[in-house]
Structures are given as C-alpha cells and as structure tokens.
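J.: Below is the sequence, then the predicted model.
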Amino acid sequence: MQHKNFSPVSADGHVFRWLPTGAVALNAMLQHIERAQRSIALEFYICKPGVVADRFRTALTDACLRGVRVQLMLDAFGSDGVTRGYWREFEQSGGQLRWFNPIRLLRLSFRNHRKLLLADGAAAIVGGLNLADEYDGDGVATGWRDFALELRGPLVEALAGSFVRMWELAAFGVHELRHFARTRPPSNHDFSRPALLLAGPGWRSVDTRRQLYADLRKASRVSVHAAYFLPTRKFGRMLAGAASRGEVRILMPANSDVPVAQLAAAHAMRHLAHSAIRCFEYLPQMMHGKLLVIDDVVYIGSANLDVRSRLINYELTLRLPVPALAQQARAMFDADLQHSRPCRLSAPSWWLRLKQRAAYWLLARVDPYIARRNLRMLQ
C-alpha cells in the first residue's frame, strides 16, 4: 500500500500538512528554499554528502545569491563525514554555517538531534529526516521509511525562537552554556492548544515528560512509530495501562541501522511481553519515523522514545491536540502495518540475552552517566 497525500488540517490558527514520505518531505523543503524571499534557517543532525545533500547545497547557495539570508546548523558528531570544503561555495556566497558542539571530547555526549526548516518566518517543516540519500524514497521500494509535518501559524514563531537559541549555543563552551541557562524563557504552555516542547541540557525537558505522562494516564488508543525504542519502566507501565483500557500498537524497524539500539530495545520489550501491547516490525526498509498518537493528540518531531532523547540530546517535539490530524496519522500507521509483521518474541539464547542486557545498560545507564559528568565539568 502506497502512502496517500492528506488534505491540510486547520486548527487554532495553524495549517498542518503531512509530508508522508521522505521523498515528499525533501522535495517540500527544496521548494521552500527555492521560493524563499527573505530568510531560510535549517538545522540537521546528519549531513552526508551525496545526491540529497548536493541538491540542498545548490539550492541554498542559489538562495544566498538572490539575497536571502540563509543559516545552516549541523551537528558536529552526526555530520562528521562532511569534508572541510564541502560548504565553501555556500559560505562564499553569503551563507552562514555553524557547527553545533565542535568540541571533540564532548561530541559523543551532547548532540543537536533536531531537524527543522524555517522559511521566511512563515512556514516550518519538522520531523526525523536528515540530509542523506537514504531518506529519499517512499520507504517501501526505496529509501528509509520516514515522514515530516509542514505547518504555518503561531508555532512557527516559537520554532524560530528556539532556533535562535540553539544558534547561540552552538559553540557549546562554558560561556555559551551559562548564557543559555540564564536566558531560559519561562514555561507558559497552554496544552489545550498546539505547543512546542523542547528537550536537552538547559531546556525544561520535564515539561515534555509531565505532559506526555498526563496524556498516557487517560489514554485508550495509542500508536507509535518508534525508530529507536528504549522506554523507562514508568513509561512502559503507562503503555501497558493504556493497552488494558483499549489498544496500544508499536511499530519498530525489523532491521535497525544501530544494532546496539535494537539489542537494547529487545531487552526492554521483554518487560512488556505479558501486557496487551501489540508490537510490529516494519520490513521493507529501515523505519526511522518518530510519531506518537495518543487518542486525539499527536506528538511529532525529532525525539525518539529512548533515554538519549529524553535526557541528553537537544530535541524538539510538537504536541498537537488536533483530532483530524491524529486521524490522518493513524491512517499512515495503518498503511505501514501492511508492510509489517508482529514482533517475534521467541526466547533468546543465553548469549543473545547477555548482549541485549549489556546493550540496555550501555544506553540506559552508562551513556547518561557519562553525559551528566561531562555537563558538570562545563558548569
């Protein structure tokens, strides 16, 4: 089953539109760049030179030459394969390039995992896609399975403000971190309306967790696209509770691009094996989507349901209490189930069980511990 195009949804002064495949999302980004008249701001975790990155480099350089202000922020860890001169023509044409956390010793812990495009301060695209060839496709015959959301409305201004703060933090030195902490804006979310939730050292990440838990406590219908799934025990219990009241479906990749994450996820899923949660594996391609639908509320953005996204990475998530958008998201999930199978939960060998447990402790315990120590050194 191919993914259909969905009609735009209007709610609370916003217009939302699903970009249901990687190819559609990348083309929409390029169209915004080509039509921009004043400004373009982009941030990506991964930039991998190839056909996709080359297309964006050309489009961004052309935008600079016609007088558009272009700011591009790339994570130094995720984009470490970019050669020194790759963006030279872009910069010589007036483009501004900034590397997030260029401090080599700290790259392993602190990463800007956000993916965002802002066009003329009027439109934005958020999701899980990066600048790499594997994202360009329909997720079935070619390319990884991923998607994004295009939006217009008040949240675009909030996203633009978050970009400015990340741009100022990019050097990730002591001065930048202290300034970032001092200038943290107050939390004033109205969760009856669409809201931007931010995570990472210096953001009020607790807001995201608190609201997510509040939604799950009363939920009876949950669907999850989880590229990397490493839930806390509390989150797992809440999913099990929702499943007992109705239905919880989780879609994960059958074959992950990060084997250690897949091993850790298998260990975590054993604790949920006796619940009513239904788990599926996406077969044709790597499933990279990051989408959570809780009753009539959509969570979409860059964050995975794992420890790193919850505690360490810089992430952005939109919480959208928009029933029509949730209905479309569930239709997208149902289409993906046509290319999936129920998870196989056969008893692993003692050796595989040991590897799964070790992977879980590495990602859920050791990684956060190292990050906390590194952060204390900078404060």
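T.: Thanks, I have it. Numbers count the residues shown, from 1 in each chain.
J.: Tell me how far the helix or strand containing residue 333 lies from the chain's centre.
T.: If you go by DSSP states H and E, residue 333 is part of helix 323-337. On the basis of Cα atoms, centre = their mean, to the nearest Å, helix 323-337 is displaced by 18 Å from the centre of the chain it belongs to.
J.: Could you do stretch 94-106 as well?
T.: On the basis of Cα atoms, centre = their mean, stretch 94-106 sits 20 Å off its chain's mean C-alpha point.
J.: Could you pull out the helices in this structure for me?
T.: Applying DSSP state H to the chain gives helices spanning 22-35, 51-65, 88-92, 154-169, 174-182, 205-217, 233-245, 259-270, 307-311, 323-337, 350-361, 367-378.
J.: between those, which gets nearest to residue 81?
T.: Proximity to residue 81 (Cβ to Cβ) singles out helix 51-65 among those, at 10.1 Å. All C-beta atoms are positioned from the backbone trio N, CA, C, and that covers glycine.
J.: Helix 22-35 and the closest one, what's the angle between them?
T.: Per axes from the mean of the first three to the mean of the last three Cα atoms, to 10 degrees, the angle that helix 51-65 makes with helix 22-35 is 10 degrees.
J.: what does helix 51-65 contact?
T.: Residues outside helix 51-65 that contact it (Cβ atoms under 8 Å, 6 or more residues apart in numbering): 26, 29-30, 33-34, 36, 40, 42, 47, 70, 72, 86-87, 89-90, 93-95, 131-133, 135-136.
J.: about what we covered before: as JSON lines, the helices of the chain with distance to residue 79, mean neighbour count and mean pLDDT would be great.
T.: Formatted as JSON lines, those follow (distance: least, Cβ to Cβ, whole Å; neighbours: other Cβ atoms under 10 Å; pLDDT from 0 to 100):
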{"stretch": "helix 22-35", "distance to residue 79": "17", "mean neighbour count": "20", "mean pLDDT": "98"}
{"stretch": "helix 51-65", "distance to residue 79": "9", "mean neighbour count": "18", "mean pLDDT": "98"}
{"stretch": "helix 88-92", "distance to residue 79": "14", "mean neighbour count": "14", "mean pLDDT": "98"}
{"stretch": "helix 154-169", "distance to residue 79": "15", "mean neighbour count": "18", "mean pLDDT": "96"}
{"stretch": "helix 174-182", "distance to residue 79": "19", "mean neighbour count": "13", "mean pLDDT": "84"}
{"stretch": "helix 205-217", "distance to residue 79": "24", "mean neighbour count": "17", "mean pLDDT": "86"}
{"stretch": "helix 233-245", "distance to residue 79": "30", "mean neighbour count": "17", "mean pLDDT": "93"}
{"stretch": "helix 259-270", "distance to residue 79": "20", "mean neighbour count": "20", "mean pLDDT": "89"}
{"stretch": "helix 307-311", "distance to residue 79": "17", "mean neighbour count": "21", "mean pLDDT": "88"}
{"stretch": "helix 323-337", "distance to residue 79": "28", "mean neighbour count": "18", "mean pLDDT": "98"}
{"stretch": "helix 350-361", "distance to residue 79": "25", "mean neighbour count": "15", "mean pLDDT": "90"}
{"stretch": "helix 367-378", "distance to residue 79": "20", "mean neighbour count": "14", "mean pLDDT": "76"}
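J.: Much appreciated, bye for now.
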